[in-house]
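Trainee: turn this into a model:
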Amino acid sequence: MQLNDSDAITININGCREDIPEDPQKNCAGLAIVDLLKEVNSNIGVLIEPRKMITVGAGLGSSGACASAAVYGLNKLLNLNFGMDQMIEIASRGEIASGSVAHADNVAGAMLGGFVIVKSYQPVEVIRIGVPEIPIVIGVMKKTQRTTRSLIPTSMALDVVKEQLALCSRVVHAIMTGDIEELGRVISKDFISEPVRSRSIPGYSTIKKKLLNGGAYGCNVSGGGLSVFAICDRQGTHDIAEIMKHSFAEQNIDSETIITYASNQGIREIFCE
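Mentor: Numbering: from 1, shown residues only. Alright, predicted model coming up:
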């Protein structure tokens with residue numbers, strides 16, 4: 001990220017460029033910068049060069065990560081001394097570019113690391129809980145579509161909401177106690193998001209069944225995109241990754257398999273030569 005005297009926001013994408021707009025009004029990082037500059041009444045020029053290594057629409061929060069990095073970097077360069085909640089709120093408005101609504105779940109995770117709970121939106125307030133180093137295997141469809149957030153129904157039956165709230169409580173408890181097996185059991189259940197979003201993944205139920213039978217503690221759709229994630233023990237990561245890879249291939253889906261870990265590392269400054 002660099003400042004200049006051009007009065008313009010310029011975005012040059014490196015890495016996975018497909019379908020990523022460089023118009024600041026249509027790019028999450030660009031829109032977050034627009035919002036921040038309005039907040040401080042500045043028209044300074046900004047050049048950003050995001051290094052995108054995640055497929056667009058994968059449901060892994062990469063757009064939120066870019067918006068977070070843009071706000072964090074500009075806060076540093078302009079010596080604004082914004083607090084973390086304020087930066088999260090500004091970055092969340094950048095998400096309008098990808099999902100048509102401001103939401104803080106992805107940007108809060110990118111900013112803070114760990115497990116985050118957005119407890120308030122007016123104003124934005126976030127709780128961070130440290131996480132154990134949970135192994136995660138992700139299968140990413142290489143040809144994806146835009147977020148499936150809009151497919152979620154806007155109204156739910158009371159019984160469904162009660163069941164989902166119970167699951168949310170169990171997730172928090174499992175994280176706080178470090179019980180990875182319980183976390184797996186809980187994240188495999190979803191009464192609101194999974195039934196809708198899984199329809200966009202061919203053979204999803206078969207893929208999920210094979211992962212669970214193969215030793216994964218839990219499995220579900222990742223975020224609003226077309227990815228599947230599974231959690232497992234450290235010794236089983238490569239076996240689960242192979243099952244993930246072959247399960248997608250059996251559905252004639254071109255995919256990428258990623259092995260990673262839950263991290264408490266939030267956003268940070270990297271010095272490049």
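
Trainee: lowest-pLDDT helix or strand in the chain?
Mentor: Least confident helix or strand of the chain, by mean pLDDT, DSSP states H and E, is strand 14-15 with a mean of 72.

Trainee: quick check: next helix or strand after that one?
Mentor: Next along the chain after strand 14-15, taking DSSP states H and E as the criterion, comes helix 28-39.

Trainee: run the chain-centre distance for the helix or strand just after that next one.
Mentor: Counting by DSSP H and E, the element after helix 28-39 in chain order, helix or strand, is strand 45-48. Centre-to-centre, strand 45-48 and its host chain are 24 Å apart (CA atoms, centre = their mean, to the nearest Å).

Trainee: got the CA positions of strand 45-48 in PDB?
Mentor: Taking Å, rounded to 0.1, in the frame of the first residue of the first chain, the C-alpha atoms of strand 45-48 are listed here in PDB:
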ATOM      1  CA  GLY A  45      -4.500   9.000  -3.400                       C
ATOM      2  CA  VAL A  46      -4.000   5.400  -2.400                       C
ATOM      3  CA  LEU A  47      -2.400   2.500  -4.400                       C
ATOM      4  CA  ILE A  48      -3.000  -1.000  -3.100                       C
END
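
Trainee: return the distance of the residue nearest the centre of the chain relative to Ala69.
Mentor: The centre of the chain sits closest to Gly61, judged by CA atoms, centre = their mean, with a distance of 2.2 Å. Noted for Gly61: a distance of 12 Å to Ala69, by CB to CB, to the nearest Å. Glycine gets a C-beta too; all of them are placed from N, C-alpha and C.

Trainee: which neighbours do those two share?
Mentor: Residues touching both Gly61 and Ala69 (CB atoms under 8 Å, 6 or more residues apart in numbering) are Ala110.

Trainee: ok, so what distance separates the residue lying closest to Ile253 once chain neighbours are set aside from Ser222?
Mentor: Nearest residue to Ile253 in three dimensions, chain neighbours excluded: Met141, at 5.7 Å (CB to CB, 6 or more residues apart in numbering). For Met141, the distance to Ser222 equals 10 Å [CB to CB].

Trainee: compare these two and say which is more crowded by neighbours.
Mentor: Ranked by neighbour count (other CB atoms under 10 Å), Met141 and Ser222 place Met141 first, with 23 against 19.

Trainee: wait, that one sits on Asp254?
Mentor: Yes - counting by CB atoms under 8 Å, Met141 does reach Asp254; the two are 7.3 Å apart.

Trainee: isn't Phe191 up against Leu158?
Mentor: No - using CB under 8 Å, Phe191 makes no contact with Leu158, being 11.8 Å away.

Trainee: looking at those two, which one has more neighbours?
Mentor: More crowded of Phe191 and Leu158, by other CB under 10 Å: Phe191, with 17 against 7.

Trainee: who are the contact partners of that one?
Mentor: Each residue near Phe191 by CB under 8 Å, 6+ apart is listed here: 160, 163-164, 167.

Trainee: so is it in a helix, a strand, or just coil?
Mentor: Under DSSP: H, G, I helix; E, B strand; the rest coil, Phe191 falls in the coil class.

Trainee: if we can go back for a sec, and the residue nearest to the centre of the chain, how far from Ser227?
Mentor: Gly61 sits 11 Å away from Ser227, going by CB to CB.

Trainee: can you map out the helices along this structure?
Mentor: Counting by DSSP state H, the chain has helices at residues 28-39, 62-77, 84-94, 96-99, 105-112, 158-177, 180-187, 194-197, 204-213, 237-250.

Trainee: any idea which of those helices gets closest to Leu3?
Mentor: Nearest to Leu3, of all the helices of the chain, is helix 62-77, at 5.7 Å by CB to CB.
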